[in-house]
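Engineer: whatever this is, show me its structure:
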Amino acid sequence: AIALLLLRTLTGMVLLFEGVSYGREPTLALPGLCTALVLVGSGVCLMLGVLTPLAGAIASVVLLALAASVLPVRTSTLFDQRIILVLVEAILAAILLLGPGALSIDARLFGRREIIIPSAFPPSDG
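Structural biologist: As a prediction, the model looks like this:
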């Protein structure tokens, strides 16, 4: 639970920082503003553990668009090199696959999910 909290919090902080740096651009156009708002919103949601799968998926799509150069990429940000985008994408994929964890608002709102894997062999009687 603590590892997921750390992973979510640090990834959220990176997204928040990146969104704020996009928002501080002096010649901000509409795609840049939308990118900034989505990154800030996703970062805050990931840090708090609110709507984690949705926030992670949206941030992942935005980062894929940045990697494909569909959205404007600034040169003075963390994501100025494509390899950083790939690393953050891998972390977001891990968060999406593992879920928000026990120390999140999602766990309090929706409950924790426990997966019980049945035994491949029925129990023997003796």
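Engineer: distance check, the spatially most central residue of the chain against Cys45.
Structural biologist: Here the mean C-alpha position of the chain is nearest to the C-alpha of Gly56 (C-alpha atoms, centre = their mean), at a distance of 3.4 Å. Taking C-beta to C-beta, to the nearest Å as the criterion, Gly56 is separated from Cys45 by 8 Å. Just so you know, the C-beta spots here come from the backbone N, C-alpha and C atoms, and that holds for glycine as well.
Engineer: how about Leu37?
Structural biologist: From Leu37 over to Cys45 (counting by C-beta to C-beta), the distance is 12 Å.
Engineer: and Ala90, by the same measure?
Structural biologist: Noted for Ala90: a distance of 19 Å to Cys45, by C-beta to C-beta.
Engineer: so between these two, which is more surrounded?
Structural biologist: Neighbour comparison, Ala90 and Cys45: the larger count goes to Cys45, with 23 against 10 (by other C-beta atoms under 10 Å).
Engineer: who touches the more buried one in this structure?
Structural biologist: Listed by C-beta atoms under 8 Å, 6 or more residues apart in numbering, the contact partners of Cys45 are Gly12, Leu51, Thr52, Leu54, Ala55.
Engineer: try 6 Å this time
Structural biologist: Applying C-beta atoms under 6 Å, 6 or more residues apart in numbering to Cys45 gives the contacts Leu51, Ala55.
Engineer: roughly how far is the helix or strand in which it is found from the heart of the chain?
Structural biologist: When elements are defined using DSSP states H and E, Cys45 is found to belong to helix 30-48. Here the centre of helix 30-48 is set off from its chain's centre by 10 Å, with C-alpha atoms, centre = their mean, to the nearest Å.
Engineer: can you list the buried residues in that helix?
Structural biologist: 32, 35-36, 38-48 (16 or more other C-beta atoms under 10 Å).
Engineer: list the helices and strands the lengthiest helix in the chain packs on?
Structural biologist: In the chain, taking DSSP state H as the definition, the longest helix is helix 2-23. Using 3 or more C-beta pairs under 6 Å, 6 or more residues apart in numbering; DSSP states H and E as the contact criterion, the secondary-structure elements in contact with helix 2-23 are helix 30-48.
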